[in-house]
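Asker: How does the following fold in three dimensions:
(2 chains)
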Amino acid sequence: MKNILNYSYYPGCSLHASGKEYDESTRSLFKALKIGLQEVPDWLCCGATPAHNVDELLSLSLCAKNLNLADTVPGDLAVACAACFSRLKTTQHKLKANDSKRKQVEYALDGPLSQGKPVKHLLEILAKDFGLERLAGKVEKPLTGLKVACYYGCLLTRPPEVPELDCCEAPTIMERVIGASGAETVSWSHRLECCGANFTLSRPGVVLKLSGEILTSAKAAGADCIMVACPLCHGNLDIRQKEIEEATGERFGMPVFYMTQLLALAAGVAPGKLGFGSMMVSPLPLLKEKQLL
Amino acid sequence: MKNAKMHLSTETMNIGFVRKVEALSGSSVRRCFQCGKCSAGCPMRSFMEHPPNRIVRFLQLGQYERVLAGRSIWYCASCEICSTRCPNKVDLASIMDALRKLSWDSQGPSKESYVQLANRLFIDNIRTYGRQYEMRLAAVFNVKSGQFLKDLMLGPKLLTKGKLKMFHQKNRNIGEIDKIFSRIEELRRNGEAS
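Answerer: This next block holds a predicted model:
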């Protein structure tokens, strides 16, 4: 069967390691929706937060190199990780506006820069290119009765001139996308708060506090689970959840899904292909209770 | 002193430093009128000794040593709340990036160097491998920061979940990646980049 849409694909480092279930479920979902994904050959780390924290020129150069590599594959560039997405878009934004930085990056890359292939987060592809009606039409197993807290974190919407994904203070794109699968979304306070990000390596105490507040808020809103679109947010909320429980004395037991895991489940993809076994907080009891397995 | 008059001028402001920050960040420091909206929304406020708006005020008053020596800049999470909500278009998240770079360049590791150390190791991984090697990153960080037992219990769990790779291949284009680093160093040596 011919694909309806085709994209070049930048998975990013986490999707090959700690966030591998995001990669697996993205590929499974897109296959089920007949959207083609072709991985960019020889892509490198985007530099994420550490690179721009200490060396903006390096950060811009690493991303510009990736954008050049992406030009070798047809189709707009699909990005799954919120941080990679933010860095690639920031680079396009800054190099367009600043001639002297552009010249420095051209020198660093020893050649001309890519001519601005559109960089799109998976959410944008699903909500806008593929479309919510078509997404709803692909649902084989509606997620009825599953209460989802959609967690955006920082970089999907901020600063607003960079991602251009949705309103920066009151976005709804995640709720609309998962709503198409029949899930119920809860209204809660910490959708846009920071999880502690890359302090997970250098100062885990920061993550325990900030991610603890996010889990508390989701629980108070009556959510069964949290849905994310970023491997770092996932690591902080899922991998560190047990430590957060030990530190706060509160029991959460809150499964943290990647959006593609839930969407693929609804689209009828076999649960074995969605990496549920890789999650630290097992979602199996919840999915069984909701008769989704 | 409460009612003492304060005289501000380009000299008291240390305008040279302010200009450096503005060039690196692409944002005005001088435009801030101290409304405090950045600090009100900052998720890292409770970890900082000075709230974000005060950091800008120190810069306006020429007291940049206090900023560079302090820990506030190293506790910024780059969440972009401040830049998003500033009513006067001060891009404080980019100013924080510029301050970290200036601190790093001028005084090397500071007492908050855990964060610097982690950033440095992350960047070294890119130059050596092309992509992040999470297990190496965590292991080297623990050794270099002297926290040998940090997250010791987490490693085996992540391994059994298949989330840590024991072996990591270098990118085929590692030569091109190394060249990017060398060329940036060259630009800086020649004074053509800051």
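
Asker: Those residues of the stretch 1-150 of chain A touching chain B, which are they?
Answerer: Contact residues, the stretch 1-150 of chain A versus chain B (CB under 8 Å from any CB of the partner chain): A:13-14, A:16-18, A:20, A:42-45, A:47-58, A:61-62, A:65, A:94, A:98, A:104, A:107-110. Every C-beta, even on glycine, is put in place using the N, C-alpha and C of the backbone.

Asker: Poorly predicted segments of chain B, please.
Answerer: B:1-3, B:109-111, B:113 (pLDDT under 70).

Asker: Could you report the neighbour count for the residue lying closest to A:His190 once chain neighbours are set aside?
Answerer: Closest residue to A:His190 apart from its sequence neighbours, by CB to CB, 6 or more residues apart in numbering or on different chains: A:Ser217 at 3.9 Å. By the measure other CB atoms under 10 Å in any protein chain shown, the count of residues near A:Ser217 is 19.

Asker: Now do the contacts for A:Ser217.
Answerer: By CB atoms under 8 Å, 6 or more residues apart in numbering or on different chains, the contact list for A:Ser217 reads A:149, A:188-190.

Asker: Drop anything exposed from these.
Answerer: Buried positions within the contacts of A:Ser217, assessed by neighbour count (16 or more other CB atoms under 10 Å in any protein chain shown), are A:149, A:188, A:190.

Asker: out of the residues you listed, which are inside strands?
Answerer: A:Ala149 (DSSP state E).

Asker: residue nearest the centroid of chain A?
Answerer: Centroid-nearest residue in chain A: A:Ala229, 2.5 Å away (criterion: CA atoms, centre = their mean).

Asker: Return the distance of that residue relative to A:Pro163.
Answerer: Distance of A:Ala229 to A:Pro163, computed by CB to CB, to the nearest Å: 11 Å.

Asker: just B:Arg57 next, same as before
Answerer: Distance from B:Arg57 to A:Pro163, by CB to CB: 30 Å.

Asker: Counting neighbours, go ahead and name the busier of these two.
Answerer: A:Pro163 (24 against 16).

Asker: Touching, the more buried one and A:Val119? I think so.
Answerer: No - using CB atoms under 8 Å, A:Pro163 is not in contact with A:Val119; the gap is 9.4 Å.

Asker: Quick check: neighbours shared by these two?
Answerer: Joint contacts of A:Pro163 and A:Val119 (CB under 8 Å, 6+ apart) are A:85, A:89.

Asker: what packs against the helix or strand that A:Asn66 is a member of?
Answerer: Secondary structure from DSSP states H and E places A:Asn66 in helix A:56-70. On a contact count with 3 or more CB pairs under 8 Å, 6 or more residues apart in numbering or on different chains; DSSP states H and E, helix A:56-70 meets strand A:5-10, helix A:48-54, helix A:82-97, helix A:99-109, helix B:92-107, helix B:174-189.

Asker: try it again with 7 Å
Answerer: The contact analysis (3 or more CB pairs under 7 Å, 6 or more residues apart in numbering or on different chains; DSSP states H and E) places helix A:56-70 against strand A:5-10, helix A:48-54, helix A:82-97, helix A:99-109, helix B:174-189.

Asker: which residues are in contact with it?
Answerer: For helix A:56-70, contacts defined as CB atoms under 7 Å, 6 or more residues apart in numbering or on different chains pick out A:8, A:10, A:40-47, A:51-52, A:77, A:87-88, A:91, A:94-95, A:101, A:104-105, A:108-109, A:113-114, A:117, B:97, B:126, B:180, B:184, B:193.

Asker: One more: stretch A:16-33?
Answerer: Residues outside stretch A:16-33 that contact it (CB under 7 Å, 6+ apart): A:11, A:15, A:37, A:80, A:122, A:130, A:138, A:231, A:234-235, A:258, A:260-261, A:263-264, A:267-269, A:273-275, A:278-279, B:134, B:158, B:162-165.

Asker: Please list only the buried members of the residues you listed.
Answerer: Going by neighbour count (16+ other CB under 10 Å), the contacts of stretch A:16-33 have A:11, A:15, A:37, A:80, A:122, A:130, A:138, A:231, A:234-235, A:258, A:260-261, A:263-264, A:267, A:269, A:273-275, A:278-279, B:134, B:158, B:163-165 buried.

Asker: among those, which are in strands?
Answerer: A:37, A:258.

Asker: Can you give me the domain assignment for the chain?
Answerer: Chain wasn't specified; assuming chain A. Chain A breaks down into these domains under automatic domain parsing: A:5-121, A:139-289.

Asker: Switch to chain B, please.
Answerer: Taken from automatic domain parsing, chain B resolves into B:15-107, B:113-189.

Asker: would you turn those into a markdown table with distance to chain A?
Answerer: Listed next are these as a markdown table, based on distance: least, CB to the nearest CB, whole Å:
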| stretch | distance to chain A |
| --- | --- |
| domain B:15-107 | 4 |
| domain B:113-189 | 4 |
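
Asker: Of those domains, which stretch is the most buried?
Answerer: Burial of these is given as mean neighbour count (mean count of other CB atoms under 10 Å in any protein chain shown); domain B:15-107 ranks first at a mean of 19.
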